[in-house]
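Undergrad: Everything below, folded, please.
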Amino acid sequence: MDLTQLAAADATRAARVLSEVRSATLSGQRAPVAPRPVIEQSWERMLCSGVDPDSDVRAGLLPREEIQRRRESSALRQVLPVLREGLLSVADAARHIMVVADEDGRVLWREGSVPVLRRADRLGLELGADWREDVVGTNGVGTPVVTRRPVQVFASEHFVRSQATWTCAGAPITDPRDGRLLGVVDVSGPLETMHPATLAWVDSVAKLAEARLREQHLVALERLRAVAAPVLARLTGRALVVDNGGWTAAVTGMPYTPRIGLPKSPAAGPRWLPVLGLCTLEPLAGGWLVRAADEPEPRGATRIVLDLGQPRRWSVQVSGSAGSWSHELSPRHAELLYLLAVHRSGRSAAGLAEDLFGDPGRTVTVRAEMSRIRRYLGGFLDHRPYRFREDTDVEVLLPDDPRDLLPHSSAPAVTGRRTP
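TA: Modelled structure (predicted):
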């Protein structure tokens with residue numbers, strides 16, 4: 001019996017058959033129909049891990065600030081438009097919701113049919129909820145995390161009885177650069193919304209998201225290559241420019257290597273790297289200059305110019321031993337770097353939140369923005385507290401009229417400095 005086809009034709013009968021299959025299998029009796037292999041293997045994992053099939057166990061929800069932190073740091077944030085376009089366009093009509101969870105099975109985004117969202121609340125499928133397989137049993141979020149392949153779970157294929165009124169289909173999303181699991185996208189809804197084509201639909205959209213990530217990475221490497229060209233032209237010996245993941249944008253004096261292994265938290269200075277041996281790392285906009293030990297390290301202090309003189313054309317310019325580069329600043333980054341330039345001794349996240357919003361509690365926003373700044377300026381910044389490194393020479397170019405200082409800004413620490 002093809003239960004998938006049966007469910008499409010008669011969801012009620014299929015649910016009844018699956019209930020019998022589940023009861024027989026979990027009690028050690030002969031089932032009228034064998035469960036699908038992916039479901040049977042998941043049930044075996046649940047029995048071994050001690051999940052209670054008759055207990056609706058739920059882990060605590062993540063705090064709102066932790067959800068926001070995970071959203072900001074997740075690469076899934078970059079492909080939300082792809083997921084929404086591909087899945088939400090028919091969600092209301094099909095009585096579905098889209099659920100996006102991180103690699104830990106924590107629900108970070110949840111959108112779609114409002115009545116179905118309310119039913120999901122009763123199941124515990126809420127923002128910040130933990131839907132790992134070994135917590136809530138076989139399901140369309142946690143099981144793809146384990147199997148690393150698309151999985152559809154219908155009715156009593158869910159290990160925990162309270163989820164038997166639900167159907168879900170989830171597909172993993174992996175980083176196309178290294179195959180690392182980023183999370184899972186899932187389409188869920190009431191039992192009667194089950195359709196055999198849902199899994200292929202969700203999987204195709206997940207693959208579109210991975211393709212978008214691949215495209216974004218290639219575009220970022222092209223930008224870094226443009227920065228790297230004049231830098232490498234000034235050097236002799238072996239050197240290469242890589243992004244923050246170690247992927248190569250350009251090389252000189254050595255064969256092309258697609259990727260090198262960088263430290264988990266790279267920092268400027270001498271480092272030993274596999275294949276290359278002793279190297280010197282220096283930050284560039286969007287990546288790192290890596291010089292092998294046979295390339296002499298030029299001497300000279302790093303000069304950073306924060307140009308706030310032109311309205312809405314703010315930039316940071318870095319001049320060092322490897323040459324010069326510049327980066328255009330968003331309004332928020334212009335504010336933050338200005339505050340760090342004013343407070344050379346440093347500011348805590350709470351201090352910057354007070355400076356920006358008059359509220360020291362808004363540290364999540366500050367940390368998220370500083371994380372983005374560190375992607376292009378990280379080698380020249382310290383944290384705890386946030387500040388420019390002591391070996392940098394920082395200059396701020398201000399507008400002629402103090403009233404024109406960051407005119408968009410309502411930050412108390414900025415508005416207080418606009419007095420002529």
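Undergrad: rest of the way, CA atoms for contacts and neighbours
TA: Fine.
Undergrad: can I get the CA coordinates of the helix or strand hosting residue 144 in CSV?
TA: Per DSSP states H and E, residue 144 falls inside helix 142-147. Extracted in CSV, the C-alpha atoms of helix 142-147 (Å, rounded to 0.1, in the frame of the first residue of the first chain):
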residue,chain,number,x,y,z
GLY,A,142,14.2,17.7,13.5
THR,A,143,14.3,14.6,11.3
PRO,A,144,15.8,16.4,8.3
VAL,A,145,18.5,17.8,10.7
VAL,A,146,19.5,14.2,11.5
THR,A,147,19.1,12.6,8.1
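Undergrad: which strands and helices sit next to the next helix or strand after that helix?
TA: Proceeding N to C from helix 142-147, the next assigned helix or strand is strand 151-154, under DSSP H and E. Helices and strands touching strand 151-154, by 3 or more C-alpha pairs under 8 Å, 6 or more residues apart in numbering; DSSP states H and E, are strand 166-174.
Undergrad: Parallel or antiparallel, list what pairs with the strand it packs on.
TA: Strand pairing for strand 166-174, determined by DSSP bridges: strand 151-154 (antiparallel), strand 181-190 (antiparallel).
Undergrad: Return the last one as CSV; C-alpha atoms alone will do.
TA: This means strand 181-190. Provided in CSV are the C-alpha atoms of strand 181-190 (Å, rounded to 0.1, in the frame of the first residue of the first chain):
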residue,chain,number,x,y,z
LEU,A,181,24.1,22.4,7.6
LEU,A,182,22.5,25.9,8.0
GLY,A,183,19.1,24.8,9.0
VAL,A,184,15.8,23.5,7.7
VAL,A,185,12.8,24.9,5.9
ASP,A,186,9.5,23.2,6.6
VAL,A,187,5.9,23.5,5.3
SER,A,188,3.4,22.4,7.9
GLY,A,189,-0.4,22.3,8.2
PRO,A,190,-3.4,20.3,9.5
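Undergrad: now what about that strand, what contacts it?
TA: 74-76, 87, 95-105, 116, 140-141, 144-145, 148, 165-175, 198, 202, 206 (C-alpha atoms under 8 Å, 6 or more residues apart in numbering).
Undergrad: Determine which stretch of the strands paired with strand 166-174 is the most buried.
TA: Between the strands paired with strand 166-174, strand 151-154 has the highest mean count of neighbours, a mean of 28, where neighbours are mean count of other C-alpha atoms under 10 Å.
Undergrad: so can I have JSON lines of the strands paired with strand 166-174 showing distance to residue 14?
TA: Shown next, in JSON lines, are the strands paired with strand 166-174 (distance: least, C-alpha to C-alpha, whole Å):
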{"stretch": "strand 151-154", "distance to residue 14": "9"}
{"stretch": "strand 181-190", "distance to residue 14": "14"}
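Undergrad: Quick one, which of the ones you listed gets closest to residue 223.
TA: Set against residue 223 and scored by C-alpha to C-alpha, these come closest in strand 181-190, at 24.0 Å.
Undergrad: next one: the closest one to chain centre, how far?
TA: Its chain's C-alpha centre and that of strand 181-190 lie 15 Å apart, by C-alpha atoms, centre = their mean, to the nearest Å.
Undergrad: And stretch 136-155, by the same measure?
TA: Worked out by C-alpha atoms, centre = their mean, stretch 136-155 lies 21 Å from the chain centre.
Undergrad: again, but for stretch 216-227
TA: Centre-to-centre, stretch 216-227 and its host chain are 19 Å apart (C-alpha atoms, centre = their mean).
Undergrad: Would you mark the buried spots in that stretch?
TA: Going by neighbour count (16 or more other C-alpha atoms under 10 Å), the buried part of stretch 216-227 is 217, 221, 224-225, 227.
Undergrad: residues making contact with that stretch?
TA: The contact list for stretch 216-227 (C-alpha under 8 Å, 6+ apart) reads 241-243, 248-250, 284-287, 325.
Undergrad: what is the mean pLDDT for it?
TA: For stretch 216-227, mean pLDDT is 94.
Undergrad: for the most centrally placed residue in the chain, what are its contacts?
TA: Geometric centre of the chain, nearest residue: residue 74, 1.2 Å, by C-alpha atoms, centre = their mean. Taking C-alpha under 8 Å, 6+ apart as the contact definition, residue 74 lies against 102, 182.
Undergrad: What separation do you get for it and residue 330?
TA: Computed as C-alpha to C-alpha, to the nearest Å, the residue 74 to residue 330 distance reads 21 Å.
Undergrad: Could you measure from residue 60 over to residue 129?
TA: Residue 60 sits 7 Å away from residue 129, going by C-alpha to C-alpha.
Undergrad: Repeat that for residue 136.
TA: Taking C-alpha to C-alpha as the measure, residue 136 falls 10 Å from residue 129.
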